[in-house]
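Novice: Dropping the sequence and predicted coords here.
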Amino acid sequence: MAAVVVIVVVVLVVAPGDGDESTTPAPSTTITPRASQQPQEPRGERADLISFKLDDRSEAGITNIWLVWTIKNSSSEKSNYSWEWEAVDAGGTRLANGSQLETDVQPGQTAQGEYPTTLKGVKGIRLNITSFDRTASY
């Protein structure tokens, strides 16, 4: 009787593996161009950084480039935000980098900030967020 149970158990273990292989769809042969190059939407706490961009306030030949951002606290507690960024030209050269901080943002509240940069222009410059962190504020 024990031998029959062992055989039944072995058959049950093997049978689901065989069924899964026969119902698994084949990989698609369709290639979507640039699919891997498209930026993904941020998830989790990173999604609270609604906007982060360069603002060119230059005038009369004087360069004046600022970082501007908008944070919206989607958590249920007062939060502090810190993130690191880099400005990269079209060739991939890092032109500037830094850290930003937004503190004591209440749940559901939107906070806006700005900070001057040493950049000489905005044309062809891409901002990257290299790290992002939200912590509870006490």
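Specialist: Received the coordinates, thanks.
Novice: where does the protein dip in pLDDT?
Specialist: Along the chain, segments meeting pLDDT under 70 span 1-43.
Novice: Now do the helices in it.
Specialist: With DSSP state H, the ranges of helices along the chain come out as 2-23.
Novice: would you list every one of the strands in it?
Specialist: Counting by DSSP state E, residue ranges of the strands within the chain are 49-56, 65-72, 79-88, 94-105, 110-116, 126-136.
Novice: Output those in TSV; the columns should cover mean neighbour count.
Specialist: The C-beta positions use only the backbone N, C-alpha and C, and glycine is treated the same way. Compiled in TSV, those are given as follows (neighbours: other C-beta atoms under 10 Å):
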stretch	mean neighbour count
strand 49-56	14
strand 65-72	17
strand 79-88	18
strand 94-105	14
strand 110-116	13
strand 126-136	14
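Novice: give the contact list for residue 72.
Specialist: Taking C-beta atoms under 8 Å, 6 or more residues apart in numbering, we find residue 72 in contact with 48, 50, 108-111.
Novice: Quick check: the closest residue to residue 51 other than its chain neighbours vs residue 100, distance?
Specialist: Spatially, and ignoring its direct neighbours in sequence, residue 51 is nearest to residue 70 (4.2 Å; C-beta to C-beta, 6 or more residues apart in numbering). According to C-beta to C-beta, to the nearest Å, residue 70 stands 12 Å off from residue 100.
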